[in-house]
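**Student:** Fold the following.
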Amino acid sequence: MVNKENREVRRPDGTSIHYTLSGPADGPVMALVHGWGCDRRDFDAIVEHLPRDLRVLAIDLAEHGDSRSSRDVWTMEEFGHDVVAVLEAESAGSCVVVGHSLGGAVAVETGRLLPGVVTRVVTLDALHYLSLFPAQDEHAAEALLRPFREDFAGAMRGMVEAGSPHGTDPALIDAYTEKMGAVRQPAGLRALEGLVRWDMDAALRELAQPVVVFAVRAIITQEAIDRYGDRLRIEAVDLGSHHFHVESPEATAKLLAGEMSA
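**Tutor:** Below you'll find the model as predicted:
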């Protein structure tokens, strides 16, 4: 059992970011960033399988998990500042940032904000969804957001089902729908708005660090590979659904450990 310590760092606008750290103080640093409507506990099992010499920081973004905020800005860059605050509080000299789903966008922003600290960005089924990335025009953005404004629970289930390949356990779909559907509002919807309006192409142009995408083979499209294959190292995996890091923590930990030594 890995020894863990819960910590908190405060930011402006009533923002308190909670995170869990484990591993030796002088170990290589890995920051874990959850997806929209999720929290740092999604990484608990992964941490148990990571090399013991790593210093691991599992972070709750604002208004997710234990973190709280009364801010008005819910962009991917502002979430990136949540992660930056943790890395600075821990005096991280270098770090690999790992992000799932929305957390992948946050990881890119963190790398852009801290180019001298973040050495690599690793994403778990992120950055390849063309209905979310790159930035959507106003018509496409509104088409995606309107169902969430009108029937949040129904739209939430549709989103989870879209990320669940054939054969996914219905109980898992129900569990993810319930968990993500409980995201605190209005921050949850505002964060989704921030995601669909995030300019991924512009962010990638400013990012010097390598970006790795572990994408669910049954979900990623050839169109996405053709569009981003020259800027992202895309690796297809067969480990489960969009939430494969929760379903297959040992195999995911092995992938992440490999990126630490790359």
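**Student:** Flag every buried residue along stretch 149-160.
**Tutor:** The neighbour-count check on stretch 149-160 (16 or more other CB atoms under 10 Å) flags 155-157, 159-160 as buried. Where C-beta positions appear, they are placed from N, C-alpha and C, glycine not excepted.
**Student:** Can you name the residues in contact with stretch 2-18?
**Tutor:** With CB atoms under 8 Å, 6 or more residues apart in numbering as the test, stretch 2-18 has contacts from 19-23, 40, 47-48, 52, 59-62, 65-73, 81-82, 85-86, 89.
**Student:** Show the backbone phi and psi for Met30.
**Tutor:** Note on Met30: its backbone torsions stand at phi -130, psi 130 [degrees, to the nearest 10].
**Student:** ok, what's across the strand from it?
**Tutor:** Met30 forms beta bridges with Val56, Val96, as assigned by DSSP bridges.
**Student:** Ignoring the adjacent residues along the chain, who's closest to the residue nearest to the spatial centre of the chain?
**Tutor:** What sits nearest the mean C-alpha location of the chain, by CA atoms, centre = their mean, is Gly103, with 1.8 Å. Computed as CB to CB, 6 or more residues apart in numbering, the closest residue to Gly103 that is not its neighbour in sequence is Val33, at 3.6 Å.
**Student:** Arg40 now?
**Tutor:** Sequence neighbours aside, Ala58 is the residue nearest to Arg40 in space, at 4.0 Å (criterion: CB to CB, 6+ apart).
**Student:** The one you found and Tyr19 touch, don't they?
**Tutor:** Yes. Under the criterion of CB atoms under 8 Å, Ala58 makes contact with Tyr19 at 6.2 Å.
**Student:** Overlap in contacts, the two.
**Tutor:** Residues touching both Ala58 and Tyr19 (CB under 8 Å, 6+ apart): Arg40.
**Student:** circling back: looking at the buried residues of stretch 149-160, which are in helices?
**Tutor:** Among the buried residues of stretch 149-160, DSSP state H puts 155-157, 159-160 in helices.
**Student:** And the furthest pair within those residues?
**Tutor:** Farthest-apart pair in these is Ala155 and Val160; separation 9.9 Å (CB to CB).
**Student:** can you map out the helices along the stretch 1-150 of the chain?
**Tutor:** Under the criterion DSSP state H, counting those that start in this stretch, the stretch 1-150 of the chain carries helices at the ranges 44-49, 76-89, 102-113, 138-150.
**Student:** got the buried residues for the last one?
**Tutor:** This points to helix 138-150. In helix 138-150, counting by 16+ other CB under 10 Å, buried: 141, 144-145, 148.
**Student:** what's the burial count for Ile234?
**Tutor:** Neighbour count of Ile234, defined by other CB atoms under 10 Å: 18.
**Student:** one step back: okay if I get the helices of the stretch 1-150 of the chain as JSON lines plus mean pLDDT and distance to Val29?
**Tutor:** Formatted as JSON lines, the helices of the stretch 1-150 of the chain follow (pLDDT from 0 to 100; distance: least, CB to CB, whole Å):
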{"stretch": "helix 44-49", "mean pLDDT": "97", "distance to Val29": "13"}
{"stretch": "helix 76-89", "mean pLDDT": "98", "distance to Val29": "8"}
{"stretch": "helix 102-113", "mean pLDDT": "98", "distance to Val29": "12"}
{"stretch": "helix 138-150", "mean pLDDT": "94", "distance to Val29": "35"}
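**Student:** Which one, of the ones you listed, ends up nearest to Ser261?
**Tutor:** Judging the helices of the stretch 1-150 of the chain by CB to CB, what sits closest to Ser261 is helix 44-49, at 15.3 Å.
**Student:** hey, C-alpha coordinates of the closest one in PDB?
**Tutor:** The C-alpha trace of helix 44-49 is given here as PDB (Å, rounded to 0.1, in the frame of the first residue of the first chain):
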ATOM      1  CA  ASP A  44      -5.900   5.700  -6.800                       C
ATOM      2  CA  ALA A  45      -5.400   2.200  -8.300                       C
ATOM      3  CA  ILE A  46      -2.900   3.400 -10.900                       C
ATOM      4  CA  VAL A  47      -0.700   5.000  -8.200                       C
ATOM      5  CA  GLU A  48      -0.500   1.600  -6.500                       C
ATOM      6  CA  HIS A  49       1.100   0.100  -9.600                       C
END
